[in-house]
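>>> Provided below for reference: sequence and predicted model.
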Amino acid sequence: MISIDSAILTIKKHSKPLQKETIKPVEKSNGYVISQNIYSPINMPPFRQSAMDGYALHLHDLSEYKLIGEVKAGDHKTYQLKKGEAVRIFTGAPVPDTANAVVMQEKVQVKGHIIETGNKILKGSNIRPKGEQIKTGAIALKKGTSLTSAGIGFLTSLGIKEVPVFKKPTIAIITTGNELIEPGEKLKPGKIYESNSKMLLSALYSLKFYDITLHKVEDHYETTYESLNRVIPTNDLVIITGGISVGDYDFVGKVLEDLKVKRLFYKVNQKPGKPLYYGKMNNTSVFALPGNPAAALTCFYMYVYITLNRMMDHAIVELPRIWAKSLTKFEKRADRPQFLKAILNHGKVEILDGQNSSMLQSYAISNALVFMPEKLSVINIGDQVETIVLPV
């Protein structure tokens with residue numbers, strides 16, 4: 001059995017960026033990491049652009065200007081303004097080359113074809129220069145940038161339709177257990193509804209991983225062997241839930257050994273989630289999580305999450321941790337480090353009831369995990385506690 005820190009370091013060491021490239025439509029690239037520098041094909045803005053609704057002026061020494069026309073966004077009219085002349089202009093419209101300032105409409109008095117400006121207008125004011133944001137041939141986004149909604153909007157504004165990105169991992173979720181049935185089936189004695197696969201699938205979707213297959217295996221050596229032998233070589237990441245303890249019908253560990261999966265650790269000194277397995281077969285990462293749902297989800301957030309981010313070559317791979325003021329007293333019964341389901345709100349955290357590894361009701365309203373180290377036996381109200389912020 002290893003420590004939490006050792007488990008995290010082991011995963012970081014053995015999880016590598018996939019480095020497999022693909023081309024995605026820009027609008028479908030959210031959450032992907034750019035695999036090559038992207039260069040701007042145009043200047044942005046592509047012309048001198050008005051920053052607001054108002055009047056484009058050819059400045060002179062007087063405060064009155066002769067209004068000779070109008071330019072709307074999308075127009076390609078060209079006006080040759082003489083000193084003391086102006087055109088009505090709107091936000092985003094092209095500023096005539098002979099105009100050297102734009103004054104906002106609120107600062108102008110209009111008298112027929114004459115406008116009068118009050119204060120002195122500074123040359124260049126309210127004009128976005130051509131290429132102010134980026135110039136043709138400059139790097140728009142660097143290799144390694146994780147694409148967000150803003151990044152997608154930026155690339156689209158440059159006229160870019162496709163983007164080279166690193167592929168996301170193919171993921172298989174395998175649930176084990178003779179007792180598991182699907183929601184909708186009649187609940188017979190000794191059976192329970194299988195929830196781990198949908199829970200983990202949802203967690204992966206929320207992190208923008210979509211290339212996922214689900215597999216169900218009964219507690220038999222042969223069927224477990226056949227399933228893992230088929231799934232592991234064809235995926236980048238395999239997540240197994242259940243069957244990894246030491247019971248008579250827990251076959252996952254034996255099968256992984258027989259398949260020559262390299263075991264990097266088994267069992268972590270923590271609660272919940274002690275019977276956690278991590279191994280590699282060639283480039284495939286294999287996690288066997290406990291079957292208890294709360295334990296499985298905690299192990300996903302603490303360990304599988306790191307692997308996913310390492311595969312995508314993200315700079316930050318762990319969930320954020322902060323110190324928060326506890327609103328709850330909690331006494332730890334075990335001597336292991338413990339992750340406690342909690343609600344974090346404005347720097348204060350409430351440790352919830354229902355900390356059993358099988359209980360999801362409290363997890364369903366949690367947005368954080370309070371980490372209670374091995375040497376700490378009691379958290380008192382008002383104590384500052386280390387708090388792991390869960391993805392929303």
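Yep, it's here. Numbers count the residues shown, from 1 in each chain.
>>> shaky segments in the stretch 151-300 of the chain?
Low-confidence segments of the stretch 151-300 of the chain (pLDDT under 70): 248-249.
>>> Okay, strands next: where are they in it?
Secondary structure of the stretch 151-300 of the chain by DSSP state E, counting those that start in this stretch: the strands cover 162-166, 171-176, 180-181, 192-193, 212-217, 237-241, 262-266, 277-281, 284-289.
>>> Out of those strands, the one nearest Ala364 is which?
Ala364 lies closest to strand 192-193 among the strands of the stretch 151-300 of the chain, at 15.1 Å (CB to CB). All C-beta atoms are positioned from the backbone trio N, CA, C, and that covers glycine.
>>> now the closest one: how far from the chain's centre is it?
Mean-position distance between strand 192-193 and its chain equals 31 Å (CA atoms, centre = their mean, to the nearest Å).
>>> I'd guess Glu106 is in a helix, am I close?
Yes - per DSSP: H, G, I helix; E, B strand; the rest coil, Glu106 lies within a helix segment.
>>> Could I get the full set of helices for the stretch 201-350 of the chain?
221-231, 252-258, 293-299, 305-311 (DSSP state H, counting those that start in this stretch).
>>> can I get the strands of the stretch 151-300 of the chain in a markdown table with distance to Gln19 and mean neighbour count?
Formatted as a markdown table, the strands of the stretch 151-300 of the chain follow (distance: least, CB to CB, whole Å; neighbours: other CB atoms under 10 Å):
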| stretch | distance to Gln19 | mean neighbour count |
| --- | --- | --- |
| strand 162-166 | 7 | 20 |
| strand 171-176 | 17 | 24 |
| strand 180-181 | 36 | 18 |
| strand 192-193 | 39 | 12 |
| strand 212-217 | 21 | 17 |
| strand 237-241 | 15 | 27 |
| strand 262-266 | 20 | 16 |
| strand 277-281 | 16 | 21 |
| strand 284-289 | 15 | 25 |
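>>> who's in contact with Ser125?
Ala101, Val102, Val103 (CB atoms under 8 Å, 6 or more residues apart in numbering).
>>> Average pLDDT for the helix or strand encompassing the last one, rounded please.
Under the criterion DSSP states H and E, the helix or strand holding Val103 is strand 101-104. The pLDDT scores in strand 101-104 average 96.
>>> And the following helix or strand past it, what does it pack against?
Sequence-wise, the next helix or strand downstream of strand 101-104 (DSSP H and E) is strand 108-111. Applying 3 or more CB pairs under 8 Å, 6 or more residues apart in numbering; DSSP states H and E, we find strand 108-111 packed against strand 114-117.
>>> what lines up beside the strand it packs on in the sheet?
strand 64-71 (antiparallel), strand 108-111 (antiparallel) (DSSP bridges).
>>> now, of those, which is deepest in the fold?
A comparison of the strands paired with strand 114-117 by mean neighbour count, using mean count of other CB atoms under 10 Å, puts strand 64-71 on top with a mean of 17.
>>> Now the helix or strand just after that strand: average pLDDT?
Downstream of strand 64-71, the next assigned helix or strand under DSSP H and E is strand 85-89. When pLDDT is averaged over strand 85-89, the result is 97.
>>> Strand 85-89 to strand 64-71, inter-axis angle?
Going by axes from the mean of the first three to the mean of the last three CA atoms, to 10 degrees, strand 85-89 is angled at 40 degrees with respect to strand 64-71.
>>> The closest residue to Asp258 other than its chain neighbours: neighbour count?
In this structure, Asp258 finds its nearest non-sequential neighbour in Tyr225, 6.8 Å apart by CB to CB, 6 or more residues apart in numbering. With neighbours defined by other CB atoms under 10 Å, the count for Tyr225 comes to 17.
>>> swap in Leu158?
Leu158: 20 neighbours (other CB under 10 Å).
>>> Correct me if wrong: it contacts Ile134.
Yes - using CB atoms under 8 Å, Leu158 is in contact with Ile134, at 7.5 Å.
>>> residues shared between the contacts of these two?
The contact sets of Leu158 and Ile134 overlap at Ser40, Met44, Ala140 (CB under 8 Å, 6+ apart).
>>> and the residues you listed as CSV, adding distance to Glu386?
Output for the shared contacts of Leu158 and Ile134, formatted as CSV (distance: CB to CB, whole Å):
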residue, distance to Glu386
Ser40, 43
Met44, 44
Ala140, 39
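>>> Show me which of the residues you listed are buried.
Ser40, Met44, Ala140 (16 or more other CB atoms under 10 Å).
>>> Return the closest of these with respect to Pro189.
Using CB to CB, Ala140 comes nearest to Pro189 of these, at 61.7 Å.
>>> Please list all residues in contact with the closest one.
Ala140 sits in contact with Ile38, Tyr39, Ser40, Ile134, Phe154, Leu155, Leu158, Ile160, where contact means CB under 8 Å, 6+ apart.
>>> Near the fifth one, how many other residues are there?
Using other CB under 10 Å, the number of residues around Phe154 comes to 20.
>>> same question, the last one
In terms of burial, Ile160 registers 18 neighbours under the definition other CB under 10 Å.
>>> And for the first one?
Ile38 sits with 20 neighbouring residues when counted by other CB under 10 Å.
>>> What residues are recorded as beta-bridge partners of it?
Per DSSP bridges, the residues bridged to Ile38 are Leu141.
>>> How is this structure divided into domains?
4-18+168-311, 21-43+133-166, 49-128, 321-389 (automatic domain parsing).
>>> looking at those, which is buried most?
When the domains of the chain are compared using mean count of other CB under 10 Å, domain 4-18+168-311 is most buried, at a mean of 18.
>>> Could you check the pLDDT of Gln384?
pLDDT, Gln384: 98.
>>> Which residue comes closest to it once chain neighbours are left out?
Closest residue to Gln384 apart from its sequence neighbours, by CB to CB, 6+ apart: Trp323 at 4.8 Å.
>>> which ones are touching the one you found?
Gln384, Val385, Glu386, Thr387.
>>> out of the residues you listed, which one sits closest to Ala73?
Nearest member of the contacts of Trp323 to Ala73, counting by CB to CB, is Thr387, at 48.0 Å.
>>> tell me the contacts of Lys168?
Contacts of Lys168 (CB under 8 Å, 6+ apart): Leu18, Gly31, Tyr32, Lys208, Phe209, Tyr210, Asp211, Met311, Met312.
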